[in-house]
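Participant: What follows is a predicted structure for the sequence shown.
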Amino acid sequence: MLDHILSILIFFPALAGIFGLGVAKDSMRAYGTAVAFIEFALSLFLWFSFDPTVSGMQFMEELPLVPAFGINYILGVDGISLFIVVLAAFFTFIGIASLSDTKNIKNLIITLLFLQMTMVGVFLALDAIVFYLFWELSLVPMLYIIGAWGGPKRIYASVKFFLYTFTGSLVMLVGILFMAYFYYQATGVWSFAILDWYRLILPAEDLLTGDIWHMGNYQMWLFLAFFMGFAIKVPMFPFHTWLPYAHGQAPTIGSVILAAILLKMGTYALIRFLLPLFPDASVMFMFPIAILAIIMIIYTAMVAYAQEDVKQVVAYSSVSHMGVIVLGTFALNVEGISGSIFLMIGHGVVSGALFLLVGVIYDRRDTKMMKDFGGLAHVMPRYATIFGIMMMASVGLPLTINFVGEFLSLLGFYQQSHILTIFAGTAIIVGAIYMLSAYKKMFFGELTNEKNKNLPDLNKRELFALVPLVVVAIWLGIYPKPLLTPISNSVESVVQLMHDKATTDEAKRRIPSIAQEIIITKTSTKEMH
Amino acid sequence: MEIFLYTALFSPLLGSLFATLFAAKPKLLIAGIVPTLLLGVSFISSSVLLAHILSTGQVVHVEMMTWMEAGDLYIPFGFVVDQISVTMMMVVTLVSTVVHIYAIGYMDHDKSFNRFFAWLSAFVFSMLILVMSDNFAGLFIGWEGVGLCSWGLIGFWYYKESATWAANEAFIMNRIADLGMLVGIFLIYSNTGTLQYTEAFAALPSLDNETLTWMGIFLFIGAMGKSAQFPLHTWLADAMEGPTPVSALIHAATMVTAGVYLVIRANPLYDLIPQVGLFIASLGAFVAIFAASMALVNRDMKKIIAYSTLSQLGYMFAAAGLGAYWVALFHLMAHAFFKALLFLGAGNVMHAMDNELDPFKMGGLKKTMRGTFIMMTVASIALAGIFPLAGFFSKDLILEAAFVNHHYIIYSVLLFTAGLTAFYSFRLIALIFHGEQRYKIFGIHPHEAYKFMLVGMSPLLLLAIIAGSFKMPYYEMVTALLPATEYHVHSVAVYWAMTIGTQLLAASAILFAYKKYARNNIKVPDGSSAVEQTFVYKLLINQYYIPLIYEECLIKPYRTLSRVFWKEIDQKIIDASVDGIANRFYSTGEATRDMQSGNLSTMLKWMVAGLVVLLSLAVVFAFAASHPDDIKLLLSGLGVQ
């Protein structure tokens, strides 16, 4: 079973979804929950079978698809993708289990199971074409979820979501084809395998002038092509405007999956593709992207503060946090990248939980406008408590999950630029501003609105979904090691690969070599004692 | 000894979790008693650790488990009980035990009694993490943890708009400072490769002065937030919205002194950068007089005491900045005792007065509230620095330290502030307890607090009186870690002149305050008197208009800018251009549909046009291919490489 566990993880939900067509409507929720639970258990099984000391790919599978063009079905998992896969399985399970009664629940659950296939596929694929297929396929179920179960402007929102991300992906596809072509030119064989591509060093400097900002710098162009696809998905400023619409119109479950998992596809791909494939270009664009990330952090946090709809607050806060993740990624050192991967998990848990929490009040009151609430702590103390914990996790309080990722990301980037890190660090201030003021508007004050006077507190089903998230958010804040060790092991090999592949002096300097650094630490500790 | 360390640290957490179980339930006495008992356990464990350190001088150090590990970074949950942290532990556990006992009575009628104890014990736990951690990251956990609990407790009565506003203000303002702290931590890590105190401090002397200066500045920015130093001070007065036991514990005795603790803890750093130390001392002296001046005219009992706390924090920073770390720590300790006592007394008065806070509406309470009267008076004498109470010894040392170090300006400012302190303290005492019973016209029937509350407060009373006598043993103990400088004025005559002079100044300020405010015909100010028309009075009562300036220059612009970003930039520029591009494609498609109308002659026309375009392109490219050098020249002339 272990030989094919990755394929099982990808295709089990889809197969179960097809079988689900024959399941009676009444038992669909139970069926979906059971399937998602099995998938979650499988992902945990993968985690426990995973060897955390190995930095490379594990459980690899390979199956030729179009051998002539080097297109193969290759899967593999390492510390970078493992936990995102577990997170995806976890959230699909939580999401389906906590689903409130809606129309066409059967279709919704089947769609979710298909969505799960595409998500897991993206994170496990090690062939660029297979990756691209899953990447694009993931748009379809999401488009359907927003379009069929969304709010009044759902068609506009879903079409915008689809077209926007699709456009970006097409540019990325051109990049993928070019990359394979370069590989063919260099080696004489076609290959779309990412691990093959890792071994390919693309020249960055102009051979005559030694300049890197020149038109013949293929790394630069390929970097930009891939970046276009990823940046829209993340979403990077200024490509983020599809997200508020998508969240605004999507049903709760759609927002949860979108924020917790789908956005992570972008930042995951940054680490899987951009950094190791184009180390010199990554250094070239380090500061421009860092500045975009800082704009994301501050600007969207301010926009979040101005919102009147609590779901939009959470939506914009997502963009703001993704800024920290991007910044940590482009720290290009082990601390920063490990931090950004950890923050992907943390942000997944926290923003997913916050969207679930918003869904709770939306189910009860059919409104998300903060002015309709106020004083909810009087009638819904448990809801207020869990919301409060998740809010504090979102603003990155130490001993909650987000602090670890934020701290490491910022610490990592501090090695690259002090000033920019200080600007990025304002995340802890602006984050507190929008979150605390939103919380105050919703929960504090007198209970003035008559309609809120008899609101029921969280029911069992909601607690069942939220309490595990609270536990995870605190547990991983106190004891991040089970995740952090495998993550940083795999990140070390990525950083080392980047260092070895870098052709320019600047990149060699900016990307630390792990092997060297260990020697340095050893001597300095010796001196201290 | 490790077991005592863990007991001292984790019993408050246990108490907090216990109370949390009942958080949403109606009042349960046991939810208050169990955390209090557990705090008692924590206090006893701390005492054992103190005895251990006093007798053996050995530091207790444990590493519980790894927290974060990535790349070269390694941060454990490590705790250390040394001479500095044991002092803080004693202060924290003692004062919080007293406050817990007191709060059982004070929060008697509150429907959120259980929730209160959950927060309060959680605060003690965070504070202990703060003082006991052996590394900067652990310190930061406690640092943010106390901030969180402070938020929860200031906004404890969450239905009050002013309380929740103050809670958010405190949290956000502290976060601004915390960014400084975080940057300081990054700076330490990137230069020393570690966050452990001992290793980081050991590596400091090899660093260049500029780096050290920045480290000192950024860490101090963190300290300024938590200890409410100018210009981040406004949250402290507003924090008085919280229940009074909270003000006593968090906003007087413990949390606000965390900044002082940080500077003391980082003394190996600040010793290397005396210029930053001097800045800290000057700012401290400024804050001392600045806060005292606002206390002179204020008409809110709790805010007066809060400004007094601010002023005393200034004293502590003045001492720490001048390198007199042990003096600062000594004053921190003495201040914790008498200030907590003063606040708890104020809580009794508030209860008696139906939560009235204006001392002008009180008066003559000494008859009905004898116990509270005695305690608050003793606390005020101690605060004013009158011999032989605690404040005399600690404050006198700070003055001497400034004098001996030849910082005469700082010395004079602090001396003058001592006079102001005596005045405003006894203005309050006189207005509350002496003179006519002005509250009668408001129909209030005052009553003394529960007896067990007064008994609970008595350890603080005792310590406010005798803490000064610990001076020498304390010096012996703590200088094992801190620079052992005794501050003696060399000339005996000068010493006596200074001491007696200070005492006379304080005593005359007290007498003046009594003469002015213990009279019988005090009127409740209504804005009509001549004093209230003066510029100085208006300046002081409006807190130098600083809150107003913050509101107008920071909060409102931030709000406006946020709205502009959302409505104008995000929606009208960024999103509109995205839609614009999409619409352009759409309309281009609409417009060019005619090309494919199926009409043969139209199609032929387009075909000819296409042929012409392609042919001309071919000519251009052929030309370009035959003259590559010219093209290159042309392109470089256009700025394309």
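Facilitator: Arrived safely. Numbers count the residues shown, from 1 in each chain, chains lettered A, B, ... in the order given.

Participant: The stretch 351-500 of chain B: helices as residue ranges?
Facilitator: Counting by DSSP state H, counting those that start in this stretch, the stretch 351-500 of chain B has helices at residues B:370-384, B:390-404, B:408-433, B:451-466, B:471-478, B:492-517.

Participant: As a markdown table, these with mean pLDDT would be great.
Facilitator: Listed next are the helices of the stretch 351-500 of chain B as a markdown table, based on pLDDT from 0 to 100:
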| stretch | mean pLDDT |
| --- | --- |
| helix B:370-384 | 92 |
| helix B:390-404 | 89 |
| helix B:408-433 | 92 |
| helix B:451-466 | 90 |
| helix B:471-478 | 85 |
| helix B:492-517 | 89 |
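
Participant: The ones you listed: which one's closest to residue A:130?
Facilitator: helix B:471-478 (66.0 Å; Cβ to Cβ). Every C-beta, even on glycine, is put in place using the N, C-alpha and C of the backbone.

Participant: For the closest one, list the C-alpha coordinates in CSV.
Facilitator: Extracted C-alpha coordinates of helix B:471-478, given in CSV (Å, rounded to 0.1, in the frame of the first residue of the first chain):
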residue,chain,number,x,y,z
LYS,B,471,18.0,47.4,51.5
MET,B,472,21.4,45.9,52.6
PRO,B,473,20.6,42.2,52.5
TYR,B,474,19.0,42.8,49.2
TYR,B,475,22.0,44.6,47.9
GLU,B,476,24.2,41.7,49.0
MET,B,477,22.0,39.3,47.1
VAL,B,478,21.3,41.0,43.9
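
Participant: tell me how far that helix is from the chain's mean position?
Facilitator: 27 Å (Cα atoms, centre = their mean, to the nearest Å).

Participant: Same check on stretch B:488-505?
Facilitator: 34 Å.

Participant: What of stretch A:475-484?
Facilitator: That offset, for stretch A:475-484, works out to 18 Å (Cα atoms, centre = their mean).

Participant: if we can go back for a sec, could I get the helices of the stretch 351-500 of chain B as CSV with distance to residue A:500 and mean neighbour count?
Facilitator: As requested, the helices of the stretch 351-500 of chain B are exported to CSV (distance: least, Cβ to Cβ, whole Å; neighbours: other Cβ atoms under 10 Å in any protein chain shown):
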stretch, distance to residue A:500, mean neighbour count
helix B:370-384, 66, 24
helix B:390-404, 58, 25
helix B:408-433, 58, 23
helix B:451-466, 64, 19
helix B:471-478, 53, 16
helix B:492-517, 70, 16
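
Participant: and chain A, which of those is closest to it?
Facilitator: Closest to chain A of these is helix B:471-478 (Cβ to the nearest Cβ; 25.6 Å).

Participant: And the contacts of the closest one?
Facilitator: B:53-54, B:83-84, B:87, B:326, B:329-330, B:333, B:393, B:397, B:484, B:486 (Cβ atoms under 8 Å, 6 or more residues apart in numbering or on different chains).

Participant: Flag every buried residue along stretch A:461-476.
Facilitator: Residues of stretch A:461-476 classed as buried by neighbour count (16 or more other Cβ atoms under 10 Å in any protein chain shown): A:462, A:463, A:465, A:466, A:468, A:469, A:470, A:472, A:473, A:474, A:476.

Participant: of those residues, closest to residue B:278?
Facilitator: Nearest to residue B:278 among those, with distances taken as Cβ to Cβ, is residue A:474, at 43.0 Å.

Participant: which residue sits closest to that closest one in space, ignoring its chain neighbours?
Facilitator: Sequence neighbours aside, residue A:400 is the residue nearest to residue A:474 in space, at 6.2 Å (criterion: Cβ to Cβ, 6 or more residues apart in numbering or on different chains).

Participant: how close does the one you found get to residue A:98?
Facilitator: Going from residue A:400 to residue A:98 by Cβ to Cβ, to the nearest Å gives 21 Å.

Participant: One more: residue B:508?
Facilitator: Taking Cβ to Cβ, one finds residue B:508 at 71 Å from residue A:98.

Participant: hang on, the earlier thing: turn the buried residues of stretch A:461-476 into JSON lines, including pLDDT and secondary structure.
Facilitator: Listed next are the buried residues of stretch A:461-476 as JSON lines, based on pLDDT from 0 to 100; DSSP: H, G, I helix; E, B strand; the rest coil:
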{"residue": "A:462", "pLDDT": "89", "secondary structure": "helix"}
{"residue": "A:463", "pLDDT": "91", "secondary structure": "helix"}
{"residue": "A:465", "pLDDT": "90", "secondary structure": "helix"}
{"residue": "A:466", "pLDDT": "93", "secondary structure": "helix"}
{"residue": "A:468", "pLDDT": "93", "secondary structure": "helix"}
{"residue": "A:469", "pLDDT": "94", "secondary structure": "helix"}
{"residue": "A:470", "pLDDT": "95", "secondary structure": "helix"}
{"residue": "A:472", "pLDDT": "94", "secondary structure": "helix"}
{"residue": "A:473", "pLDDT": "94", "secondary structure": "helix"}
{"residue": "A:474", "pLDDT": "94", "secondary structure": "helix"}
{"residue": "A:476", "pLDDT": "93", "secondary structure": "helix"}
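
Participant: Same list, those residues, but as JSON lines with distance to residue A:386 please.
Facilitator: As requested, these are exported to JSON lines (distance: Cβ to Cβ, whole Å):
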{"residue": "A:462", "distance to residue A:386": "9"}
{"residue": "A:463", "distance to residue A:386": "8"}
{"residue": "A:465", "distance to residue A:386": "10"}
{"residue": "A:466", "distance to residue A:386": "5"}
{"residue": "A:468", "distance to residue A:386": "11"}
{"residue": "A:469", "distance to residue A:386": "8"}
{"residue": "A:470", "distance to residue A:386": "6"}
{"residue": "A:472", "distance to residue A:386": "13"}
{"residue": "A:473", "distance to residue A:386": "10"}
{"residue": "A:474", "distance to residue A:386": "12"}
{"residue": "A:476", "distance to residue A:386": "17"}
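
Participant: Tell me which two of the residues you listed sit farthest apart.
Facilitator: Top of the distance list for the buried residues of stretch A:461-476 (Cβ to Cβ): A:462 and A:476, 21.7 Å.

Participant: Now do whichever residue of the stretch 301-450 of chain B sits closest to chain A: how many residues are near it, please.
Facilitator: As assessed by Cβ to the nearest Cβ, chain A sits closest to residue B:355 within the stretch 301-450 of chain B, at 17.7 Å. Using other Cβ atoms under 10 Å in any protein chain shown, residue B:355 has 8 other residues around it.

Participant: What's the local residue count around the residue in chain B that chain A sits nearest to?
Facilitator: Going by Cβ to the nearest Cβ, chain A is nearest to residue B:71 of chain B, at 3.2 Å. Applying other Cβ under 10 Å, we find 25 residues neighbouring residue B:71.

Participant: which residue packs closest to it, ignoring adjacent ones?
Facilitator: Per Cβ to Cβ, 6+ apart, closest to residue B:71 is residue A:334, 3.2 Å.

Participant: Identify each buried residue in whichever helix or strand residue B:75 is part of, please.
Facilitator: Taking DSSP states H and E as the criterion, residue B:75 maps to strand B:73-81. Within strand B:73-81, the residues that count as buried by 16+ other Cβ under 10 Å are B:73, B:74, B:75, B:76, B:77, B:78, B:79, B:80, B:81.
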